[in-house]
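Chemist: Below are the sequence and a predicted model; questions follow.
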Amino acid sequence: MAVFTELSFNEVAAFFRGLGLGAPRSVRGVTSGIENTNYFVDTDGESYVLTMFERLTFEQLPFYLHFMKHLAARNMPVPDPVADAHGVILHPLRERPAVVVNRLPGASEAEPAAAHCSSVGECLARLHLAGSDYPRQQANPRGLQWWNEVVSVLGRCVSARQRLLLSTELSFQNELALSSDYRQLPKGPIHADLFRDNVLFERERLSGVIDFYFAGCDTLLFDIAVCLNDWCVDGLTRRHNVERAAAFLGAYESARPLTSSEHKLLPAMQRAAAFRFWLSRLWDVHLPRQAALLKPHDPSHFERILLMLRGEFALS
């Protein structure tokens, strides 16, 4: 979340009237995240999140929004987009697409314990199962095709050592995608960005999964790898925490056991997940967009994790 477009209180109030919602009591911008403009909006009866999409188009957004509604209808703890009297959930605001969803209770957990990781693993497996009959199709927008498009651009912005790492890892991932084991991996709609700040807890109870705007159809294992690289990595050492990883995977497999190909390719897919977020963070640092409130993430974090997963020396 971020604020690229500043809205007045009156603009938000008019948008809420159009949806038949109550009059706002408070409106405040949200600084976390880097893709969309977000505001927390409280009315007398409910709390909402208003999102204006700075990058995604009216044509792209139905996949994400209807995926959320699909999951919400199956009792998953996800935001449910608000429809107007005609059943429409996506509307123009300042010539951009905008949506309002209910704000889920709880807060993110910056220092998760094994119990938190277990809850996330179980929830992710249920999300994959609940999404298995979602009918819409859209490729992972930050998947292999995007990696191949941006590596040459980023290579002009980084050191020679980093260019070599970009090139060799991209070659590895391209070869992996052509392998028979990779083609056997179960696929479906995935969250693709299930970091600590996108999961909410009330104490140790998982109360919400948010921010589906990088979702797409890909291997389910990629979703698992993204989680392992964030939830089960110690912040200072960048080393995987064995207890948390075991808790996450054990809970996931209690709901959806992994296939033999998934077990075999999990280390390679963790490299893929680290590579994807190193690329996107490099992009945000070297080719930034303007925002009123924006805090780009440090790309070196995932560079270190990638080096660790490759068995190479991770920079201190």
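Modeler: Sure thing, it's come through.

Chemist: what ranges do the helices span in the stretch 51-200 of the chain?
Modeler: Counting by DSSP state H, counting those that start in this stretch, the stretch 51-200 of the chain has helices at residues 61-73, 114-130, 144-154, 160-177, 180-183.

Chemist: winner for burial among those helices?
Modeler: Highest mean neighbour count of these: helix 114-130, a mean of 22 (counted as mean count of other CB atoms under 10 Å). Placement of C-beta: from N, CA and C, glycine included.

Chemist: quick one: low-confidence parts of the protein?
Modeler: 1-3, 32-34, 289-296, 313-316 (pLDDT under 70).

Chemist: Which parts of this structure are strands?
Modeler: 24-29, 37-43, 47-52, 91-93, 96-102, 187-190, 199-202, 205-209, 216-219 (DSSP state E).

Chemist: Pretty sure Arg256 sits against Leu129.
Modeler: Yes: counting by CB atoms under 8 Å, Arg256 sits close enough to Leu129 to count as a contact (5.9 Å).

Chemist: what about Ser152, distance to Phe212?
Modeler: Applying CB to CB, to the nearest Å, the value for Ser152 to Phe212 is 29 Å.

Chemist: circling back to that earlier point, between the strands of the chain, which one is nearest to Arg142?
Modeler: Nearest to Arg142 among those is strand 216-219; the distance by CB to CB comes to 7.9 Å.

Chemist: Contacts for that closest one, please.
Modeler: Under the contact criterion CB atoms under 8 Å, 6 or more residues apart in numbering, strand 216-219 has outside partners 63, 137-143, 182, 185-190, 192, 269.

Chemist: hmm, which of those residues are the buried ones?
Modeler: With burial judged by 16 or more other CB atoms under 10 Å, the buried subset of those is Phe63, Asn140, Pro141, Arg142, Gly143, Tyr182, Leu185, Gly188, Pro189, Ile190, Ala192, Met269.

Chemist: can you give me phi and psi for Ala192?
Modeler: Main-chain torsions, Ala192, degrees, to the nearest 10: phi 70, psi 0.

Chemist: Leaving out the residues flanking it, which one is nearest to it?
Modeler: Phe214 (4.6 Å; CB to CB, 6 or more residues apart in numbering).

Chemist: State whether the one you found and Pro141 are indeed in contact, as I suppose.
Modeler: Yes: between Phe214 and Pro141 a contact is recorded at 6.5 Å, counting by CB under 8 Å.

Chemist: Tell me how many other residues crowd His86.
Modeler: Neighbour count for His86, taken as other CB atoms under 10 Å: 5.

Chemist: any idea how far it is from Leu265?
Modeler: Taking CB to CB, one finds His86 at 45 Å from Leu265.
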